[in-house]
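**Student:** Next come a sequence and a model predicted from it.
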Amino acid sequence: MLSLLVVFLTLVGGAAVSTQSSLNSRLSKTIGLIETVFFSFGSGALVLGVLVVFFGSGNISELLHAPKLELFAVFLGIAFVFLSIFNVNKLGVTAANLTAIVGQILAGFVIDKLGLFGSQVIDISWQRCISILLMIGALALIFTEQHSSRKTY
């Protein structure tokens with residue numbers, strides 16, 4: 001039952017990311033791309049700051065002792081939000097998000113296979129290969145459909 005709840009919450013999180021990228025894309029047309037990324041991270045930082053003060057259970061001062069590579073994740077988050085807003089404006093929500101997911105899965109395969117960043121080593125099985133091929137096929141169909149629907153006669 002718990003695993004079903006986790007899957008459901010992950011689906012909700014994915015829906016939230018699609019909704020966020022779509023709304024951020026629209027906002028960027030009004031206030032600008034970099035300004036939208038700044039607003040997204042700035043307002044998120046304010047909300048999370050309040051949550052840390054009232055509900056935080058860690059030790060934020062340990063940030064000073066964290067490995068530099070782990071701190072680099074902040075820039076990856078900024079890049080992800082920036083690129084998702086940019087790409088949604090160019091590709092649409094579905095194509096941009098599926099492309100990002102395929103990139104995440106491919107990077108995940110490499111991280112799992114090599115056990116990078118202290119993760120558990122997980123081999124790339126034939127099932128995983130088929131799953132990524134199906135996703136790439138879905139991406140190809142979406143891009144083909146988008147390309148053909150943009151033609152004018």
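**Tutor:** Received, thanks.
**Student:** and the next element down the chain from the lengthiest helix in the chain?
**Tutor:** In the chain, assigned by DSSP state H, the helix with the most residues is helix 2-31. Going down the chain from helix 2-31, the next helix or strand is helix 33-55, by DSSP states H and E.
**Student:** List the contacts of that following helix.
**Tutor:** 20, 24, 27-28, 31, 60, 77-78, 81-82, 85-86, 89 (C-beta atoms under 8 Å, 6 or more residues apart in numbering). Every C-beta, even on glycine, is put in place using the N, C-alpha and C of the backbone.
**Student:** 7 Å instead?
**Tutor:** 24, 27, 28, 60, 78, 81, 82, 85, 86 (C-beta atoms under 7 Å, 6 or more residues apart in numbering).
**Student:** Sketch out the low-pLDDT regions of this structure for me.
**Tutor:** Along the chain, segments meeting pLDDT under 70 span 150-153.
**Student:** which of the residues in stretch 125-143 are buried?
**Tutor:** 128, 135, 139, 142 (16 or more other C-beta atoms under 10 Å).
**Student:** any idea how far the second one lies from residue 105?
**Tutor:** Yep, that's residue 135 we're talking about. 7 Å (C-beta to C-beta, to the nearest Å).
**Student:** ditto for the third one
**Tutor:** Using C-beta to C-beta, residue 139 is found at 11 Å from residue 105.
**Student:** likewise residue 1?
**Tutor:** Taking C-beta to C-beta, one finds residue 1 at 26 Å from residue 105.
**Student:** Could you do residue 20 as well?
**Tutor:** Taken as C-beta to C-beta, the span from residue 20 to residue 105 is 20 Å.
**Student:** same deal with residue 56?
**Tutor:** Counting by C-beta to C-beta - residue 56 and residue 105 are separated by 32 Å.
**Student:** Sweet, I'm off.
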